[in-house]
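*Asks:* one predicted model, sequence on top.
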Amino acid sequence: MFVCVKNADLYSPDHLGKRDILICNDKVIAIEPQITVLPEGCRIIDAAGRRVIPGLIDQHVHITGGGGESGFTSRVPELRFSDSVKAGVTTLVGLLGTDSRTRSVQNLIAKTKALNEEGITAYCLTGAYEIPSPTLTGSVGDDIMFLQEVIGVKVAISDHRSSNLTKEEMIKLASEARIAGLLSKKPGVVHMHTGVGRQGLKMIIDIVKTTDIPIKHFRPTHMRKILEDDVVEFTALGGYADYTSNEDADPKSQEILDVLARGIPEDHLTISSDSNGSMPKWGPNKELIGITYAKMTSLFGQIKSLVRNEMPLERALCFVTRNVAQALEIYPRKGCLAPDSDADLVVIGPEMEIQTVVAKGQVLMEEGEVLKKGLFED
C-alpha cells in the first residue's frame, strides 16, 4: 500500500520546509521537494498549510492502568488504543507501578502485544516498584532476553512507596539488565521512578562513579525542580533525564527551560506522559489527601507549551522523538522522518492541533476523525 503526504511543512524533527513524503507499506521510501510520479492507487494526504512531524514516542505509559494508592476503587483504567492515536503517540513503552499485585507482568505483556496488533509500536518493561522484581520467567535477565517486547526493567527509588532497594541490589539489577540487553540486542534499561525522597539521584550517581556499569542503562524519570542539581550532575556524566508532562503545562515547561539554561546537554533530555498512572497528592506525613490520573494528551500539550514559551518547534520536538529513540536504541527507525524510517507521522494544524496520524503506514486518524479503534471501543 502506498500513501503520499503532499505539500507538508516538514519537521523531521529538523525543519526541512516544503516536502512530499512517499510511504510504502510501513516505511518511508522517499522525501522530496515534489514527488510527481506516484504509484497506481496511491492514497493522497494533502498537508498544504500544515506541519508534519514524526510520530511521538512515549516511554512511560501505564498501559494496563496504574494507581491503587487509595484502595481498589482507585485503580486507573487501562489505555485504550484510540487514546494513543488521538495523542499522536505511535511508539510507547508500557510498565507497571506501585501495584504489581492486581496488575502483573503477564497482563502487561499481553496488552503490549495487543497494541502492536492494533497498529502502533509497543514495548514494555518487566518489574515494578517491588523488589525482588516481578517477572514472567522468574528472572529479569530472562524476561529481557527471551520476551520480544521487553527492553528493560522498572524500579522505584527515593520514594516512600518503593522497596528501598540498596546500592548493592541496584548494582546487581543493572548488571543483569545490561548483560541481557547485550545478549539480545536491546537497550537493557533500568527505568527508575524517582520520587521526592531525600536520596534523589545520589545513589545512582555514586554507582556510575564507582562501578563500570555504563550510565546509559540508568533512566531516571519524573525529574523536577527539586532534583535540578542532580539532573545537572547526572547528565554531565552522560545520562538521560526524563521529565513528566503535565496538563498544567507551563510550570513544567519553566522547569525544563531552567535546567536547560544551566547547560545540560539538550539531546539528553526527554519527556514522557506517565499516562494512565495515578497522580496522588500526599500530606506532610505521607498520607494520601487526593488522587487523579495522567492523560497521554499532556505529552504534545507539553510541546505546545514549550513553543508558547518561545522554544522553536524543531527543538521541542526532539524531547519526544529523536532523543527518546536514541535513548532506546531504536533511532533512526523511530524518532525521525527520513527514507527507510518507519512510516509514523502526525499532521498538525495551524493551532498545533493533531489532525492526522499515520503509524506503520496505516492512516489511523484523518482530519480529526479516528479511523481505527480498539476492538471493544465504542
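*Replies:* Received, thanks.

*Asks:* please make it C-alpha for all contacts and neighbour counts, starting now.
*Replies:* Fine.

*Asks:* now find how far off-centre the least confident helix or strand in the chain by mean pLDDT is within its chain.
*Replies:* Using mean pLDDT, DSSP states H and E, the weakest-scoring helix or strand in the chain turns out to be strand 278-282, at a mean of 81. Centre-to-centre, strand 278-282 and its host chain are 20 Å apart (Cα atoms, centre = their mean, to the nearest Å).

*Asks:* now that strand: buried residues?
*Replies:* For strand 278-282, burial by neighbour count (16 or more other Cα atoms under 10 Å) applies to S278, M279, P280.

*Asks:* now those residues in TSV, with distance to K216?
*Replies:* Shown next, in TSV, are the buried residues of strand 278-282 (distance: Cα to Cα, whole Å):
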residue	distance to K216
S278	27
M279	27
P280	29
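
*Asks:* and this protein, what are its domain boundaries?
*Replies:* Using automatic domain parsing, the domain parsing of the chain gives 2-54+337-370, 56-327.

*Asks:* tell me which of the ones you listed lies nearest to D378.
*Replies:* Among those, domain 56-327 comes nearest to D378, with 10.3 Å by Cα to Cα.

*Asks:* distance check, the nearest residue to T297 once chain neighbours are set aside against H60.
*Replies:* Once flanking residues are discounted, T297 sits nearest to A87: 4.8 Å by Cα to Cα, 6 or more residues apart in numbering. Per Cα to Cα, to the nearest Å, A87 is found 14 Å from H60.

*Asks:* more neighbours, the two?
*Replies:* H60 (27 against 21; other Cα atoms under 10 Å).

*Asks:* longest helix in the protein, please.
*Replies:* For the chain, the longest helix by residue count, based on DSSP state H, is helix 167-184.

*Asks:* what packs against the helix or strand just after that one?
*Replies:* Counting by DSSP states H and E, the next helix or strand C-terminal to helix 167-184 is strand 189-194. Helices and strands touching strand 189-194, by 3 or more Cα pairs under 8 Å, 6 or more residues apart in numbering; DSSP states H and E, are strand 150-157, helix 167-184, strand 218-221.

*Asks:* what is the orientation angle of the longest one with strand 150-157?
*Replies:* This points to helix 167-184. 170 degrees (axes from the mean of the first three to the mean of the last three Cα atoms, to 10 degrees).

*Asks:* and the angle for helix 167-184 with strand 189-194?
*Replies:* Using the same axes, to 10 degrees, helix 167-184 lies at 140 degrees relative to strand 189-194.

*Asks:* for helix 167-184, what is the average pLDDT?
*Replies:* Taken as a whole, helix 167-184 has an average pLDDT of 99.

*Asks:* for that helix, list every residue counted as buried.
*Replies:* Buried, per 16+ other Cα under 10 Å, within helix 167-184: M170, I171, L173, A174, S175, E176, A177, R178, I179, A180, G181, S184.

*Asks:* which element is the closest residue to the last one other than its chain neighbours on?
*Replies:* When the adjacent residues along the chain are set aside, S184 lies closest to M145, with 5.2 Å between them (Cα to Cα, 6+ apart). Using DSSP H and E, M145 maps to helix 140-146.

*Asks:* same question, V357
*Replies:* Under the criterion of DSSP H and E, V357 resides in strand 354-359.

*Asks:* where along the stretch 1-150 of the chain do the helices fall?
*Replies:* In the stretch 1-150 of the chain, the helices defined using DSSP state H, counting those that start in this stretch lie at 81-86, 105-118, 140-146.

*Asks:* looking at the ones you listed, which is buried most?
*Replies:* Counting by mean count of other Cα atoms under 10 Å, helix 140-146 has the highest mean neighbour count of the helices of the stretch 1-150 of the chain, with a mean of 23.

*Asks:* show me what it is packed up against.
*Replies:* strand 121-127, strand 150-157, helix 167-184.

*Asks:* how many neighbouring residues does the closest residue to M352 other than its chain neighbours have?
*Replies:* Closest residue to M352 apart from its sequence neighbours, by Cα to Cα, 6+ apart: K304 at 7.1 Å. K304: 22 surrounding residues under other Cα under 10 Å.

*Asks:* cool, and the one 10 residues further on?
*Replies:* Neighbourhood size, E314 [other Cα under 10 Å]: 17.

*Asks:* and it, what helix or strand is that in?
*Replies:* Going by DSSP H and E, E314 is part of helix 313-317.
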